[in-house]
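> need coordinates for the following:
(2 chains)
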Amino acid sequence: EPEVTQTPSHQVTQMGQEVILRCVPISNHLYFYWYRQILGQKVEFLVSFYNNEISEKSEIFDDQFSVERPDGSNFTLKIRSTKLEDSAMYFCASRGEYEQYFGPGTRLTVT
Amino acid sequence: GNSVTQMEGPVTLSEEAFLTINCTYTATGYPSLFWYVQYPGEGLQLLLKATKADDKGSNKGFEATYRKETTSFHLEKGSVQVSDSAVYFCALDKAAGNKLTFGGGTRVLVKP
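I've put the predicted structure just below:
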């Protein structure tokens, strides 16, 4: 069964450093998303991507964040200068006919 | 804007007990409704869905019915197992391609 994959599973970085989180969505899906979940809190939407451009973004998704689909398979989230409060689990998702399928997540720890 | 409200946990049950997790939503139009489950240390898995009023989603013994008149999508299971211990999230989306809006999650702990 096709699935969304994410790498790395855990990333530790120092405050102010850039990080890139990678995702491979399900191959025939057209909509892609990033969400995050701060430990013990609800899952929050960051950004959606369709037809090679951002279709919607939340207020969390400020100028420090960017997304890219550099080739036909990968979908990346870049945080330019990480802050302590960026520590969270980041989930990538892609959408089929009705529902979104989530990857296993990348745990980002900013020290 | 859209919002989803779930009953707060944790919910602690004995094996074979009946489980209900309440979920209500606020949205204009006719959203699709979902339950996702997050097992310890894992990502989000779609448990079930309903795309229109009066639809019943079901999977792995869990059920939820889309009630537009009460704007609810309560999750039920008749006899829980220890392996059902997880965090359950209710969610909605307004239209195809739209973001998911999640409730706060309900932690369920099933004891043998």
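
> mind listing the strands for chain A?
Taking DSSP state E to define them, one finds strands in chain A at A:5-7, A:10-13, A:19-24, A:31-37, A:43-50, A:53-57, A:65-68, A:75-79, A:88-95, A:100-102, A:106-110.

> can I get the ones you listed in TSV including distance to B:V37 and mean pLDDT?
Bear in mind the C-beta positions are built from the backbone N, C-alpha and C, glycine included. Converted to TSV, these look like this (distance: least, Cβ to Cβ, whole Å; pLDDT from 0 to 100):
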stretch	distance to B:V37	mean pLDDT
strand A:5-7	18	95
strand A:10-13	22	97
strand A:19-24	21	97
strand A:31-37	14	95
strand A:43-50	12	94
strand A:53-57	25	94
strand A:65-68	27	96
strand A:75-79	24	97
strand A:88-95	14	95
strand A:100-102	11	92
strand A:106-110	19	97
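
> redo those as CSV? Include distance to B:I21.
Formatted as CSV, those follow (distance: least, Cβ to Cβ, whole Å):
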stretch, distance to B:I21
strand A:5-7, 27
strand A:10-13, 30
strand A:19-24, 29
strand A:31-37, 18
strand A:43-50, 16
strand A:53-57, 28
strand A:65-68, 32
strand A:75-79, 31
strand A:88-95, 21
strand A:100-102, 19
strand A:106-110, 26
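
> and those strands: which comes nearest B:A50?
Checking the strands of chain A against B:A50 by Cβ to Cβ gives strand A:100-102 as the closest, at 14.9 Å.
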